[in-house]
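*Asks:* I need the structure of the sequence given here:
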Amino acid sequence: MPAKLAQVSVEPISEVPETASVRHCDELPGRVREVVAQAEAGGSTVTVDPYRAALVEKCGCDVVKSTEYVRLERV
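*Replies:* Next up is the predicted model:
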């Protein structure tokens, strides 16, 4: 049976919640950085393979800082 694809939401935010864990894009595994880069500047939902989706869950952060803050979560 083929592995199911997953959805990852990448959404720009203007304020970081106090309880959010934040990591800089450079601290993330390369394949998670690819997910962030795939998203459009205004945010989007990106379809990824299960391996990348699992990496997003394991990256240990709610928010990623690059040139702007974006919320990163599997949907």
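*Asks:* so where's the protein shaky on pLDDT?
*Replies:* By pLDDT under 70, the weakly predicted segments of the chain are 1-3, 40-42.
*Asks:* mind redoing it with 90?
*Replies:* The model of the chain has pLDDT under 90 over residues 1-15, 17, 23-75.
*Asks:* all the strands of it, in order from the start?
*Replies:* 6-12, 22-24, 44-48, 63-65, 69-74 (DSSP state E).
*Asks:* residues contacting residue 64?
*Replies:* Applying C-beta atoms under 8 Å, 6 or more residues apart in numbering to residue 64 gives the contacts 22, 23, 24, 25, 28, 36, 70, 72. C-betas here are computed from N, CA, C, even on glycine.
*Asks:* contacting residues around residue 36?
*Replies:* Per C-beta under 8 Å, 6+ apart, neighbours of residue 36: 10, 25, 28, 64, 66, 70, 72.
*Asks:* adding distance to residue 49, write those out as a markdown table.
*Replies:* Below are these laid out as a markdown table (distance: C-beta to C-beta, whole Å):
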| residue | distance to residue 49 |
| --- | --- |
| 10 | 16 |
| 25 | 20 |
| 28 | 17 |
| 64 | 19 |
| 66 | 22 |
| 70 | 20 |
| 72 | 16 |
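*Asks:* for residue 53, state which of the residues you listed is nearest.
*Replies:* Relative to residue 53, the closest of these is residue 72; by C-beta to C-beta it sits at 11.2 Å.
*Asks:* quick one: that closest one and residue 8 touch, right?
*Replies:* Yes: with contact defined as C-beta atoms under 8 Å, residue 72 and residue 8 form a contacting pair (6.9 Å).
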